[in-house]
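Peer 1: Got a predicted model here, sequence first, then my questions.
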Amino acid sequence: MTTKVALVGGTGKLGTIIAAVIEELEGFEVSRVLTSTSDLSELANADLVIDASTPQVSIDVVRTAVEHGLNILVATSGWSAERIALVRPLVEAADTGAVFIPNFSLGSVLGSALAAAAAPYFGSAEIVEAHRETKVDSPSGTAVRTAELIAAARATQGPVSAPHADQRARGQQVGSVPIHSLRRPGVIAKQEVILSGPGESLTFTHDTTDPGLAYAPGIRLAVPYAATATGVVVGLESMLDIGIRS
């Protein structure tokens, strides 16, 4: 039996990559491609919804999918823990599944997990992330997720040290972690997590050079998972036993 996928944002950069992966994925087919301006009633005949739209449209896509009793895989950036909390009751009441993936790259997931594991041993943590100039949101969903993981890992130690947080140039704080966003041509996606302590620092860097190759393994893992998931699931690490504990 083939799972019919409605792909919202299917004509965008990430949507095109997702569509290409699904085309080669056994038991799945993209039955409908929607843009960010399509009528969301078109989702009704799908078995699974995948959202690769925009942060502004994504919330409506999730709500519409849940209202139709459909599972959804959310690949759109901009979903913080606070925003996910708004739709969690809807997902649980409808007994559906909503899987939020800030980044499909296995390297990115490992980098964030390593940073979170190391964070309790350092008093300072800052994130610098860079994307191409066409990315419409900042900070990136990956940076937000990384900061949230760091904050959770430091639950016992408390917030990281972030002096002069009232100054705009100090970045946007997420879970007490300052995030600095660069938007410029000539870059695809890059993130640095810089942990600092007395007399030393530790930096985790992840650099995406080919999105199609970097994201495909994660997409192949996430699509079947999302089709049968129940409740809210966040992060590709939820589907992997990467053996890193914070």
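Peer 2: That came through fine.
Peer 1: would you list every one of the helices in the chain?
Peer 2: All helices of the chain, identified by DSSP state H, fall at 13-23, 55-67, 81-94, 106-118, 141-153, 211-228.
Peer 1: Can you tell me which of those helices is most buried?
Peer 2: Of the helices of the chain, the one with the most neighbours on average (mean count of other C-beta atoms under 10 Å) is helix 141-153, at a mean of 24. In short, each C-beta sits where N, CA and C put it, glycine included.
Peer 1: Find out how far that helix is from the centre of the chain, if you would.
Peer 2: Here helix 141-153 is found 11 Å from its chain centre; the criterion is C-alpha atoms, centre = their mean, to the nearest Å.
Peer 1: Kindly export that helix (C-alpha atoms) in CSV.
Peer 2: Extracted in CSV, the C-alpha atoms of helix 141-153 (Å, rounded to 0.1, in the frame of the first residue of the first chain):
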residue,chain,number,x,y,z
GLY,A,141,15.7,26.6,13.6
THR,A,142,18.8,24.6,14.1
ALA,A,143,20.4,27.2,16.2
VAL,A,144,17.3,27.6,18.3
ARG,A,145,17.1,23.8,18.8
THR,A,146,20.8,23.7,19.7
ALA,A,147,20.4,26.5,22.3
GLU,A,148,17.4,24.6,23.8
LEU,A,149,19.4,21.4,24.1
ILE,A,150,22.2,23.3,25.8
ALA,A,151,19.8,24.9,28.2
ALA,A,152,18.2,21.5,29.1
ALA,A,153,21.7,20.0,29.6
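Peer 1: what sits up against it?
Peer 2: Contact partners of helix 141-153, identified using C-beta atoms under 8 Å, 6 or more residues apart in numbering, comprise 76-81, 102-103, 108, 111-113, 115-117, 119-120, 125, 127, 129, 159-160, 174-177, 179, 181, 189, 191, 193, 234-235, 246.
Peer 1: okay if I get the helices of the chain as JSON lines plus mean pLDDT and distance to residue 34?
Peer 2: Formatted as JSON lines, the helices of the chain follow (pLDDT from 0 to 100; distance: least, C-beta to C-beta, whole Å):
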{"stretch": "helix 13-23", "mean pLDDT": "97", "distance to residue 34": "9"}
{"stretch": "helix 55-67", "mean pLDDT": "95", "distance to residue 34": "9"}
{"stretch": "helix 81-94", "mean pLDDT": "95", "distance to residue 34": "19"}
{"stretch": "helix 106-118", "mean pLDDT": "96", "distance to residue 34": "26"}
{"stretch": "helix 141-153", "mean pLDDT": "96", "distance to residue 34": "21"}
{"stretch": "helix 211-228", "mean pLDDT": "97", "distance to residue 34": "17"}
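Peer 1: Let me know which of these is the nearest to residue 239.
Peer 2: helix 211-228 (5.2 Å; C-beta to C-beta).
Peer 1: what's the closest one packed up against?
Peer 2: Helices and strands touching helix 211-228, as assessed by 3 or more C-beta pairs under 8 Å, 6 or more residues apart in numbering; DSSP states H and E, comprise helix 13-23, strand 28-34, strand 48-51, strand 71-74, strand 97-100, helix 106-118.
Peer 1: would you turn the ones you listed into JSON lines with distance to residue 199?
Peer 2: Output for the helices and strands packed on helix 211-228, formatted as JSON lines (distance: least, C-beta to C-beta, whole Å):
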{"stretch": "helix 13-23", "distance to residue 199": "41"}
{"stretch": "strand 28-34", "distance to residue 199": "52"}
{"stretch": "strand 48-51", "distance to residue 199": "45"}
{"stretch": "strand 71-74", "distance to residue 199": "42"}
{"stretch": "strand 97-100", "distance to residue 199": "38"}
{"stretch": "helix 106-118", "distance to residue 199": "16"}
